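>>> Sequence plus predicted model, see below.
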Amino acid sequence: MVGATSNSSPTARGIIRSLLSHLTATKPTTKQEYKKDIKRPTTMAAQTQTPPQFTHIQSKGIYHGLPVIPESDSRKGLTAIVTGANGISGSHMVRVLAETPERWAKIYTMSRRAAIGGSKYGNVTHLELDFLKSSPGDLAKAMVEKGVKADYVFFYSYIQVPPKTEGSIWSDAQEMCNVNGALLSNFIQALKLASITPKRFMLQTGAKSYGAHLGTAKSPQVESDPRVTIEPNFYYDQEDLLFQYCEETGTEWNVVRPSFILGAAKDAAMNLAYSLGVFAAVHEHLGKPLVFPGNIASFDVIRDLSSAMLNSYMAEWAVLNPVAPNEAFNACDCSAVTPGALWTALAKMYGIECKVPDPNAEYQSLTLPFDPPPRGFGPPEKIEFTYSIAAWAYDPQVHTAWQELTQKHGLVHNPFATPADRNRIFGFTDTAILGGTPVHFSMDKSRKLGWHGTADSFASLRNVLEEFVQMKMLPPLPSTA
């Protein structure tokens, strides 16, 4: 097992502890110390049995049950802003909107950097804007100069702040709130200054809304679940900013909450498919089996996955749906996935042996600090593992193998380049694979309003890995896979 011996070193133990646990030097913030559970406005259309408006469905490749959105004068020549357009979610949102140029006549994409690869769509204009470092006035000026208009906004901007010392990737929860709250606040203030008032504003958040990253959470996760306020959560701050903006301007809102996202993008941070592809490619290169790092409980727990394309189809459906204003929706593939099934499928794709958890193995363990855990009762979550993928990413043998693969296949990205790269790429994978808390989304609410989109998560993973191969970020999958 590559990297297994390294876990006995003090350095690796520190990596494991810092990347899998949420331990900090201070006492966890209590609900009373943080903030009250703010009541979220909603039209509750799903609860009042409002009939769905889009009643026909279609398939596009591996994506099935997609709505057929009827053409009408009110859905022609639309304009949209997509922020965070270089990221995994924003880039796929642009792809979905660009499929129907008669509907989406003009798409304004925004990110901190130039458009990766340039714009390949004739109806897309890119603005290189930094929502954090620029003032709302400067942002508004840039929008006005480019003639930006927006019937709809799709907000995907996100910054992963450095973790606390010996903390998990999300351990500096308050700074995550400060930074990501500022991104949204500066943007919506700029919209006001530029006199841009969209009809509907879509904000993507995610599964951390339900607190599973902090320990055992309520399952299944339902959109109406109360907020988990045992520590600050930037998703809640962003929602409250959006609600206030919409109340002031009359804009309607939607919030879409995906789980672990499957999609190919040049920015590989917190990309489950990319890290798994790197992990499997190195093992295949070295002739090593894929040994599952967790225990039997983590092998079998439900962990919904969310394909970036399907999430984007849902976001389009949500904002155009006249019976779904001011509603939050879970977004997942509705495919039966466990870490064990994912591990087995990955091994098959790379033509290597898969080794399941050994009940007699010597497991390391971490107990998360929140007592009670996010669901409000029971003991704190205990995570058991034989090794961590984050620690594996520090193994010199792994680095040598990747250098050999890079030379052989002309790869253009090194996920092991810096400690920060290793932590944010492979530490995120540990959070997706280890632990016994389900990430199991209820999709009842969106189904009642006419959403029936599904995807085979394993087929989606294969497609994403192949996209990374085309981008020269992964070596080719074995021909026998």
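On my side now, so go ahead.

>>> tell me the centre residue of this structure?
For the chain, the residue sitting closest to the mean C-alpha position, by C-alpha atoms, centre = their mean, is Ile261 at 4.5 Å.

>>> Which residues does the longest helix anywhere in the chain contact?
Using DSSP state H, we find that the single longest helix of the chain is helix 173-193. Helix 173-193 has contacts (C-beta atoms under 8 Å, 6 or more residues apart in numbering) with 83, 131-132, 134-137, 139-140, 143, 150, 153, 155, 157-159, 161, 170, 197-198, 203, 231-234, 237-238, 241-242, 245, 249. (Glycine included, C-beta is placed from N, CA and C.)

>>> Give me the buried subset of the residues you listed.
For the contacts of helix 173-193, a burial check counting by 16 or more other C-beta atoms under 10 Å picks out 83, 131, 134, 136, 139-140, 143, 150, 153, 155, 157-158, 161, 170, 198, 203, 231-234, 237-238, 241-242, 245.

>>> and the residues you listed, which of them are in strands?
In this view, the buried ones among the contacts of helix 173-193 that belong to strands under DSSP state E are 83, 153, 155, 203.

>>> and the first one, bridged to which residues?
If I follow you right, that is Thr83. On the basis of DSSP bridges, Thr83 is bridged to Met110.

>>> And it, how close does it get to Tyr152?
Applying C-beta to C-beta, to the nearest Å, the value for Thr83 to Tyr152 is 12 Å.

>>> just the last one next, same as before
Taken as C-beta to C-beta, the spacing of Leu203 relative to Tyr152 amounts to 12 Å.

>>> quick revisit: which ones among the buried ones among the contacts of helix 173-193 are found in helices?
Among the buried ones among the contacts of helix 173-193, the members found in helices (DSSP H) are 136, 139-140, 143, 234, 237-238, 241-242, 245.

>>> which one of the residues you listed sits closest to Asn326?
Ranked by distance to Asn326 (C-beta to C-beta), those are led by Leu242 at 10.2 Å.

>>> Quick check: that closest one touching Phe201?
Yes. Taking C-beta atoms under 8 Å as the definition, Leu242 is a contact partner of Phe201 at 6.4 Å.

>>> Report how many residues lie close to Phe279.
23 (other C-beta atoms under 10 Å).

>>> circling back: now do the shared contacts for Leu242 and Phe201.
Trp253.

>>> pLDDT below threshold where in the stretch 351-481 of the chain?
Residue ranges of the stretch 351-481 of the chain with pLDDT under 70: 480-481.

>>> What are the boundaries of the helices in it?
If DSSP state H, counting those that start in this stretch is used as the criterion, the helices of the stretch 351-481 of the chain fall at 389-392, 396-409, 419-433, 444-448, 457-470.

>>> now the second one and helix 457-470, what's the angle there?
Following axes from the mean of the first three to the mean of the last three C-alpha atoms, to 10 degrees, one obtains 70 degrees for the angle between helix 396-409 and helix 457-470.

>>> Equivalent analysis for the longest one, please.
Per the same axes, to 10 degrees, the angle that helix 419-433 makes with helix 457-470 is 160 degrees.

>>> Run the chain-centre distance for helix 419-433.
13 Å (C-alpha atoms, centre = their mean, to the nearest Å).

>>> do the same with the shortest one
When distances are taken as C-alpha atoms, centre = their mean, helix 389-392 is centred 20 Å away from the chain's centroid.

>>> Show me what that helix is packed up against.
Secondary-structure packing of helix 389-392 (3 or more C-beta pairs under 8 Å, 6 or more residues apart in numbering; DSSP states H and E): helix 10-20, helix 272-286, helix 419-433.

>>> among the ones you listed, which is nearest Asp371?
helix 10-20 (17.7 Å).

>>> For that closest one, give the mean pLDDT please.
The pLDDT scores in helix 10-20 average 46.

>>> about what we covered before: redo the helices and strands packed on helix 389-392 as CSV? Include distance to Arg75.
Converted to CSV, those look like this (distance: least, C-beta to C-beta, whole Å):
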stretch, distance to Arg75
helix 10-20, 45
helix 272-286, 32
helix 419-433, 37
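
>>> what's the most buried one of those helices?
helix 272-286 (a mean of 24; mean count of other C-beta atoms under 10 Å).

>>> Mind exporting the C-alpha coordinates of that helix to CSV?
Output of helix 272-286 as CSV, limited to C-alpha atoms (Å, rounded to 0.1, in the frame of the first residue of the first chain):
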residue,chain,number,x,y,z
LEU,A,272,-13.4,14.8,-5.9
ALA,A,273,-13.2,13.3,-9.4
TYR,A,274,-9.7,14.8,-10.0
SER,A,275,-8.2,13.7,-6.7
LEU,A,276,-9.6,10.1,-7.2
GLY,A,277,-8.3,10.0,-10.7
VAL,A,278,-4.8,11.0,-9.6
PHE,A,279,-4.9,8.5,-6.7
ALA,A,280,-6.0,5.7,-9.0
ALA,A,281,-3.6,6.6,-11.8
VAL,A,282,-0.6,6.5,-9.4
HIS,A,283,-1.7,3.2,-8.0
GLU,A,284,-2.1,1.7,-11.5
HIS,A,285,1.3,3.0,-12.5
LEU,A,286,2.9,1.4,-9.5
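
>>> Can you show me the helices along the stretch 1-150 of the chain?
Using DSSP H, counting those that start in this stretch, helices in the stretch 1-150 of the chain cover 10-20, 88-98, 136-145.

>>> Now for Asn311: which residues touch it?
Neighbour list for Asn311: 89, 92, 204, 256, 258, 261, 331 [criterion: C-beta under 8 Å, 6+ apart].

>>> Adding distance to Ser388, write those out as a markdown table.
Output for the contacts of Asn311, formatted as a markdown table (distance: C-beta to C-beta, whole Å):
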| residue | distance to Ser388 |
| --- | --- |
| Ser89 | 26 |
| His92 | 29 |
| Gln204 | 28 |
| Val256 | 30 |
| Pro258 | 24 |
| Ile261 | 21 |
| Ala331 | 28 |
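
>>> out of these, which one sits closest to Asp371?
The closest of the contacts of Asn311 to Asp371 turns out to be Pro258 (C-beta to C-beta; 29.0 Å).

>>> So what's the residue count around the closest one?
With neighbours defined by other C-beta under 10 Å, the count for Pro258 comes to 28.

>>> Double-check it against Gly206; I have them as touching.
Yes. Between Pro258 and Gly206 there is a contact under C-beta under 8 Å: 5.7 Å.

>>> I'd like the contacts of Asn311 as TSV, with pLDDT and distance to Gly450 appended.
TSV is the format used below for these (pLDDT from 0 to 100; distance: C-beta to C-beta, whole Å):
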residue	pLDDT	distance to Gly450
Ser89	97	22
His92	97	21
Gln204	99	20
Val256	99	15
Pro258	99	19
Ile261	98	23
Ala331	99	15
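
>>> Report the rounded mean pLDDT for stretch 50-58.
Average pLDDT, stretch 50-58: 85.
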